[in-house]
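Colleague: Prediction below, plus the sequence it came from.
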Amino acid sequence: EPEVTQTPSHQVTQMGQEVILRCVPISNHLYFYWYRQILGQKVEFLVSFYNNEISEKSEIFDDQFSVERPDGSNFTLKIRSTKLEDSAMYFCASTGGAGGDTQYFGPGTRLTVL
Amino acid sequence: GQQLNQSPQSMFIQEGEDVSMNCTSSSIFNTWLWYKQDPGEGPVLLIALYKAGELTSNGRLTAQFGITRKDSFLNISASIPSDVGIYFCAGHPRLGSNYKLTFGKGTLLTVNP
């Protein structure tokens, strides 16, 4: 069964460093998302991406964040200068076209900022 | 922004018991989804609901999309130890291409064998 994959599973970085989190969405999906989950809290929406552009972003998704689909399979989230409060699980999700409302999540990347 | 209130926050039950949890919203959602999350893993979709009043089952799980489109519940019958985990409701308004999901805070389920 097709699934969303994410790498790395765990990323440790120093405050102020740049990180890139990678996702491979399900191959025929058209909409891509990043969500964040701080330990013990609910999953929060960061950004949605469709047709090579951001379709919506939350207030969490500030200028330090960017997303890119560099090729036909990868979808990345970059944090330019990490802060301690960026420590969280980051989930990528994807969904199909019209009528494909169900979002399928990847296993997540645990980001730890020291 | 849209808020989902999920209850209960946690449940401790004996194996074999039935479980019920629910979510309510201050605004209308046109899609309700129920996910289960194991520690260190991503949310796994259990049931998707697309129509008001819809009642859908997936094995021992049953979920309903409330008539008002502002609530949903999930029932688990005859619980087993592997049902342990955090259950999240999630919804989105399904307007155009906006599929941004709003999540509830989760229900932590513990099943005692």
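Modeller: Received, thanks.

Colleague: which non-adjacent residue is nearest the residue nearest to the spatial centre of chain A?
Modeller: Centroid-nearest residue in chain A: residue A:34, 3.1 Å away (criterion: CA atoms, centre = their mean). The spatial neighbour of residue A:34 that comes closest, neighbours along the chain excluded (CB to CB, 6 or more residues apart in numbering or on different chains), is residue A:46 at 4.3 Å. In short, each C-beta sits where N, CA and C put it, glycine included.

Colleague: Would you mind listing the residues in contact with the one you found?
Modeller: By CB atoms under 8 Å, 6 or more residues apart in numbering or on different chains, residue A:46 lies in contact with A:33-36, A:57-58, A:60-61, A:65, A:77, A:90.

Colleague: Among these, name the ones in strands.
Modeller: When these are checked against strands (DSSP state E), the matches are A:33-36, A:57, A:65, A:77, A:90.

Colleague: where does chain A dip in pLDDT?
Modeller: Scanning chain A for pLDDT under 70 picks out A:97-101.

Colleague: on that earlier part again, so which pair among the ones in strands among the contacts of residue A:46 is furthest apart in space?
Modeller: Using CB to CB, the ones in strands among the contacts of residue A:46 span at most 14.5 Å, a distance reached by A:57 and A:90.

Colleague: quick one: which of those two has more around it?
Modeller: residue A:90 (23 against 17; other CB atoms under 10 Å in any protein chain shown).

Colleague: Please name the bridge partners of the more buried one.
Modeller: Here residue A:90 shows beta-bridge partners residue A:36, residue A:109, assigned using DSSP bridges.

Colleague: before we move on, the earlier item: isn't the residue nearest to the centre of chain A up against residue A:77?
Modeller: Yes. Using CB atoms under 8 Å, residue A:34 makes contact with residue A:77 at a distance of 4.9 Å.

Colleague: Give me the common contacts of those two.
Modeller: A:21, A:23, A:46-47, A:67, A:90, A:92.

Colleague: nearest to residue B:105, of those residues?
Modeller: residue A:46 (17.6 Å).

Colleague: Spell out the secondary structure type for the closest one.
Modeller: Three-state call for residue A:46 (DSSP: H, G, I helix; E, B strand; the rest coil): strand.

Colleague: now residue A:12
Modeller: Going by three-state DSSP: residue A:12 is strand.

Colleague: next one: residue A:15
Modeller: Residue A:15 - assigned by three-state DSSP - is coil.

Colleague: Lovely, talk soon.
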